[in-house]
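Novice: got a structure for you, letters missing:
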């Protein structure tokens, strides 16, 4: 713990300022420094809160005069530390410190300072949540069915999983101040809103189904052991017994759930006050088990079971374990005889064959710790549904007929397996989040949560291990496998071992399960309310509201309805694996969160708990995944699908949240790694895709002047490349920062409207052309740089007296040429289709005059991937001189397109040599050379002398006439864009030349290649 010493600062001259705060000493009494009037209170800052009080005379503090300007927008250290000390996060589901800037929560009463220690705040709540219904109702049955060895393995697997999760959770919980809310807050702030929402819902569903499981456990105790006479439905025969039991569970479970929901609605404070009583019931019940086991060494309890051959009989069906009884001096049939025999006459009985051929024996149900029964219970005995419980070693004569009088024997109610038992037991290892859920109430959460949680898991694990051994060493195997205690006169099996009376366990377990159910019904709605208040899942927003005091009324209603689904299942053994799935999913992501944060080594990852490692987190994550599929693979798939659907929903529909989560850090690391990989060299032709820099123009109101440029770029999305939208503001950066921010936001809004996924960059320059040159040079990063520039046509350049617009245009063309970038200029862009239009017919015409690396071939293919252009056909026109072989050219071009896997119609247009040579004054190939190129031969173009402006204009007119004649009804015309003249004196003539070339065409895309091949015939 660092120590601070406050030293007075002596001032040589005494002044009238001595009464002001902070002149001669550092004063820690200031508790609410805030933003200075005129400055934003919601600035992004690393501070936990920002009050609204005036700074008074702090700015005249002579000791800090050097920092007067900083104090306008930043607090003093004393103010910051004061707010840090006074910060609290006491309410679960409350708006945490990241949302503190919302003005609606500006003033609140200061809550009581947290004062709970490790024992009361973490250890005992964890014990209460971990110990539950499974320990009392199912652990004996698990030991009898799986045997001591496999039961040990089940406990070891489940408790190891929770211990590893607790280690990961401790690391996350001690990495700064964790707002109350448990796993949801930890995961959402570590892995992001998508993972946090998905796992938060899973945790909520797990807690809700846990409430249903506890209620079903309480009703089972109530109907089986406390008041069996309260059953409403009764079985008409043996086969109807199961349905009658389930219907009773549904009716009483619904009543109990309704009563509990009312209690929670009326007053949560009563639930919290009764928590200590419920915990005392659990501890007393466990102590009574140990006391009974110790007592059984000297005086085993008298619970005898009746065996017919090696089969276990239901004890409450008869009084004496004998076929006959002596009344006076006369031997008469016993009640057991009458149950198996249709005639009471012993001389001519009509009895069950197995009853006739086997003897009735009575054995001790609880032989005791010193009996050596542990040897018989070491290994498992898995049963099919309806199979009669048998004791190995007792003499028995088998009868090869259908079993009669099935209702008189103790039989298995479900088919058992190792995986089923894992799913049923795992809920008894959950509850480890109780400490982190109460982090707002803890005096020192970063110390208490790890110690209390790990000690609680260690304690419960030792109790489970010792219970497995004690049950196997004290209780007869046939009794252990008897789930409902039918062989011991309908007594709770674990109660038969307890001391001083079985009623201690029965009553204690009943109250503990009721208490656990109340706790779950209290916690689940608050968790849902916390998720709803975060506003990451829009349709859950209504559940963020509640009563005036903040109690989550609507969330409680939904929780009750979901818990009712679990009640209607009515079987504890079927509900337990469901909540196991949801808890395992939650624990899996806690481990993942810790592993991701550890491996990323983000600067903010500084947990006070040091005993963690990414390998342990990955091991815990693997165990969670394995346990999910071991216990129930189909439930596991359903749980993962639910989490996946919620994840995708939040990704597409949820609110944007920036919580500094690990997934963002992972993305940054992955991006850095990928960018470094891309630096190794230019991409291969097969990997070339248009990485577009879109140059947008903004009007005086900072609105995008030609939004259809973005529409066109979004329709090129089949390229899946990088998109950077750039714009230039004329001025000085120091004076235009606010305007830059507003411009960026305007561009981003338009990108969102046009569904352009990419980046925005606005630069400030003294001249627009300089700004464009800066964008062309500096946009992108590493290998992710643009290779194509898209810019608009300078409309109205002829009428404008200011030549800067078209001069900037030509300057940009020259810059792209110098940078070896491709260029696309959509002319008449306002006539381009929106994303909502559909062309049901029409053509995209490509006029291939100069080989440009294949850009003209690739762009129509990419456009046709979009729904707007999908039904358009592609036509390719090329121009032949009179001395070219037009027929051979057409064949060669068709073959070339076939090898490129591009479907298009081919047409060769013949023009006189004089008509084409002027147009191709730069980079023109002779038609014979182009024909050879079509046969995949590399040829270099010869440089030609420039013709006169008149000659060039004449060519443009003739070429335009041919293009308009062939493509006047085309949906889009793609055309080679010639380069500007080397001499800037001819720039205006160049603009006229382009205007004449494209005259009469509705939509034209001028394309200029970047000097490299972008399409290939090879695979």
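Specialist: Sure thing, it's come through. No experiment lies behind these values; they were computed from the predicted model shown. Numbers count the residues shown, from 1 in each chain.
Novice: contacts and neighbour counts: CA atoms only from here.
Specialist: OK.
Novice: Give me the most central residue, this protein.
Specialist: Nearest to the mean C-alpha position of the chain, counting by Cα atoms, centre = their mean, stands residue 195 at 1.7 Å.
Novice: per-residue confidence at the closest residue to residue 413 other than its chain neighbours?
Specialist: Nearest-residue entry for residue 413: residue 385, 5.4 Å, with adjacent residues in sequence omitted and distances by Cα to Cα, 6 or more residues apart in numbering. Per-residue pLDDT puts residue 385 at 87.
Novice: Also residue 795?
Specialist: Here, the pLDDT recorded for residue 795 equals 82.
Novice: Is it in a helix, a strand, or coil?
Specialist: Three-state secondary structure (criterion: DSSP: H, G, I helix; E, B strand; the rest coil) places residue 795 in coil.
Novice: how many other residues sit next to it?
Specialist: Applying other Cα atoms under 10 Å, we find 12 residues neighbouring residue 795.
Novice: What distance do you get for it to residue 261?
Specialist: Distance of residue 795 to residue 261, computed by Cα to Cα, to the nearest Å: 70 Å.
Novice: now swap in residue 604 and tell me
Specialist: Residue 604 is 41 Å from residue 261, by Cα to Cα.
Novice: Then residue 835?
Specialist: 51 Å.
Novice: With residue 979 instead?
Specialist: According to Cα to Cα, residue 979 stands 78 Å off from residue 261.
Novice: Confirm that residue 845 sits in a strand.
Specialist: Yes: secondary structure of residue 845 (three-state DSSP): part of a strand.
Novice: doesn't residue 877 make contact with it?
Specialist: Yes: using Cα atoms under 8 Å, residue 845 makes contact with residue 877 at a distance of 7.3 Å.
Novice: which of those two has more neighbours?
Specialist: Legend: neighbour count by other Cα under 10 Å for residue 845 and residue 877, higher for residue 845 (28 against 21).
Novice: From the centre of this structure, point out the most distant residue.
Specialist: Here the chain reaches farthest from its C-alpha mean at residue 329, the gap being 78.7 Å by Cα atoms, centre = their mean.
Novice: Can you get me the start-to-end distance on stretch 290-304?
Specialist: Between the opening and closing residues of stretch 290-304 there is a gap of 21 Å (Cα to Cα).
Novice: how about that stretch: buried residues?
Specialist: 290, 292, 293, 294, 295, 296, 300, 301, 303, 304 (16 or more other Cα atoms under 10 Å).
Novice: Residue 307 pairs with what?
Specialist: residue 312, residue 361 (DSSP bridges).
Novice: what is the mean pLDDT for stretch 773-790?
Specialist: In this model, stretch 773-790 carries a mean pLDDT of 85.
Novice: Actually, stretch 307-325.
Specialist: Mean per-residue pLDDT for stretch 307-325: 86.
Novice: Repeat that for stretch 162-175.
Specialist: 90.
Novice: Name the surrounding residues that touch it.
Specialist: 186, 429-430, 432, 436, 445-447, 449-450, 453-454, 457, 587-588, 590-591, 594-595, 605-612, 616-617, 619-620 (Cα atoms under 8 Å, 6 or more residues apart in numbering).
Novice: From these, keep the buried residues only.
Specialist: If we count by 16+ other Cα under 10 Å, these have these buried: 186, 429-430, 432, 436, 445-447, 449-450, 453-454, 457, 587-588, 590-591, 594-595, 605-609, 612, 616-617, 619-620.
Novice: Show the model's pLDDT score for residue 154.
Specialist: Looking at residue 154, its pLDDT is 94.
Novice: show me what contacts it?
Specialist: 421, 422, 425.
Novice: count of residues packed around the last one?
Specialist: By that I understand residue 425. As a burial measure, residue 425 scores 24 neighbours (other Cα under 10 Å).
Novice: could you give the mean pLDDT of the one helix or strand residue 466 maps to?
Specialist: For residue 466, the host element (DSSP states H and E) is helix 445-474. Per-residue pLDDT over helix 445-474 has a mean of 91.
Novice: what bits of the stretch 851-1000 of the chain have low per-residue confidence?
Specialist: Residues of the stretch 851-1000 of the chain meeting the criterion pLDDT under 70: 881-885, 911-955, 985-986.
Novice: Do a quick rundown of the helices in it.
Specialist: 855-863, 886-899, 913-917, 927-934, 949-967, 987-997 (DSSP state H, counting those that start in this stretch).
Novice: which of residue 604 and residue 261 has more neighbours?
Specialist: Legend: neighbour count by other Cα under 10 Å for residue 604 and residue 261, higher for residue 261 (19 against 10).
Novice: From residue 212, how far out is that one?
Specialist: For residue 261, the distance to residue 212 - Cα to Cα - is 12 Å.
Novice: Likewise for residue 841?
Specialist: Shown here: residue 841 relative to residue 212, a distance of 60 Å by Cα to Cα.
Novice: The two: which is more packed in?
Specialist: Between residue 841 and residue 212, counting by other Cα under 10 Å, residue 212 is the more crowded of the two (32 against 12).
Novice: Make sure that one is actually in contact with residue 566.
Specialist: Yes: the criterion here is Cα under 8 Å, and residue 212 meets it with residue 566 at 5.4 Å.
Novice: which residues do these two both contact?
Specialist: Contact criterion Cα under 8 Å, 6+ apart; residues bridging residue 212 and residue 566 by contacting each: residue 575.
Novice: what's the burial count for residue 840?
Specialist: Neighbour tally, residue 840, other Cα under 10 Å: 11.
Novice: Let me fix that, I meant to ask about residue 635.
Specialist: By the measure other Cα under 10 Å, the count of residues near residue 635 is 18.
Novice: Now do the same contact list for it.
Specialist: For residue 635, the contacting residues are 577, 578, 581, 628, by Cα under 8 Å, 6+ apart.
Novice: quick one: which two of the residues you listed are the most distant?
Specialist: Greatest spatial distance in those: 578 and 628, 9.9 Å, computed using Cα to Cα.
Novice: What is the least confident helix or strand in the protein?
Specialist: Ranked by mean pLDDT, DSSP states H and E, the weakest helix or strand in the chain is helix 927-934, scoring a mean of 36.
Novice: mind listing the strands for the stretch 751-900 of the chain?
Specialist: Assigned by DSSP state E, counting those that start in this stretch, the stretch 751-900 of the chain shows strands spanning 759-765, 788-791, 822-827, 843-848, 873-880.
Novice: Contacts only, for the closest residue to residue 849 other than its chain neighbours.
Specialist: Leaving aside its chain neighbours, residue 849 sits nearest to residue 878 (5.8 Å; criterion: Cα to Cα, 6+ apart). Residue 878 is in contact with 847, 848, 849, 907, 908, 909, counting by Cα under 8 Å, 6+ apart.
Novice: Just list whatever residues bridge to residue 878.
Specialist: On the basis of DSSP bridges, residue 878 is bridged to residue 848, residue 908.
Novice: Buried residues in the longest helix anywhere in the chain, which are they?
Specialist: Across the chain, the longest stretch assigned as helix under DSSP state H is helix 139-173. Neighbour-count burial for helix 139-173 flags 139-152, 154-155, 157-173 (criterion: 16+ other Cα under 10 Å).
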